[in-house]
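Chemist: based on what follows, work out the 3D shape:
(chains A and B)
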Amino acid sequence: DAGVIQSPRHEVTEMGQEVTLRCKPISGHNSLFWYRQTMMRGLELLIYFNNNVPIDDSGMPEDRFSAKMPNASFSTLKIQPSEPRDSAVYFCASSYGASGGTDTQYFGPGTRLTVL
Amino acid sequence: KQEVTQIPAALSVPEGENLVLNCSFTDSAIYNLQWFRQDPGKGLTSLLLIQSSQREQTSGRLNASLDKSSGRSTLYIAASQPGDSATYLCAVVSYNFNKFYFGSGTKLNVKP
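Modeler: Numbers count the residues shown, from 1 in each chain, chains lettered A, B, ... in the order given. I've put the predicted structure just below:
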């Protein structure tokens, strides 16, 4: 298996633009997670899905952020409009299991987002 | 809300030393605890996962212990090597919250 795949790996955009990050989880995994990592705040869970359904989005910082999982093999995290404070590395992870954190999570390589 | 603390924030040791990384958490009702490694510019790699019913897990030169009652876990690295240089993070899944809470990590540098 190729592991968790994220695209793009790097994204540079200007404030106010829409940004879409993509993730393909490991085949057969039931749960998918979106994280954000910054120097100031460390690694934060934004949202996670189980069987394509959003289970906990309490970490989503505000309405500018939205995430979807239309099928078991694809998820997107969208920021609209983007702001400089959104600059961070965004990780996607997936795992087996019926609930959020009960099994080992496998992380993708991340998307480094820079908002100018 | 669960809070996870890792001490020290950074550690530099000569090659060959045995070392211990510490992780503490505030809510002892947990599903499991996991140790990850993160290399610069990369994602996280799972090292060890300890279920709440377990006291320790071992993988090669790594040994992780869990003491739920005191809210602590340690990651022991034997005979450290320069290739062990990375940031090590612990993550706790709380029984009440059913999601991961990460510590801020310990940045390890093993000098040749």
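Chemist: what about residue B:14, neighbour count?
Modeler: A count of nearby residues for residue B:14, using other C-beta atoms under 10 Å in any protein chain shown, gives 10. The C-beta positions use only the backbone N, C-alpha and C, and glycine is treated the same way.
Chemist: contact partners for the residue lying closest to it once chain neighbours are set aside?
Modeler: In this structure, residue B:14 finds its nearest non-sequential neighbour in residue B:111, 5.2 Å apart by C-beta to C-beta, 6 or more residues apart in numbering or on different chains. For residue B:111, the contact set (C-beta atoms under 8 Å, 6 or more residues apart in numbering or on different chains) comprises B:12, B:13, B:14, B:15, B:82.
Chemist: from what I can see the last one touches residue B:112, true?
Modeler: Yes. Assessed by C-beta atoms under 8 Å, residue B:82 is found in contact with residue B:112 at 5.1 Å.
Chemist: who's more crowded, these two?
Modeler: Under the criterion of other C-beta under 10 Å, the comparison of residue B:82 against residue B:112 puts residue B:82 first, with 11 against 8.
Chemist: ok, now which ones touch that one?
Modeler: B:15, B:110, B:111, B:112.
Chemist: ranking helices and strands of the chain by mean pLDDT, which lands last?
Modeler: All of this refers to chain A. Using mean pLDDT, DSSP states H and E, strand A:53-56 stands out as the lowest-scoring helix or strand of chain A, at a mean of 88.
Chemist: try chain B instead
Modeler: strand B:100-102 (a mean of 86).
Chemist: low pLDDT regions in the chain?
Modeler: By default, I'm working from chain A. Applying pLDDT under 70 to chain A picks out residues A:1, A:98-101.
Chemist: sorry, I should have been clearer: chain B.
Modeler: B:96-98.
Chemist: what does it have sitting close to chain A?
Modeler: B:31-32, B:34, B:36, B:42-46, B:49, B:89, B:91, B:93, B:98-105 (C-beta under 8 Å from any C-beta of the partner chain).
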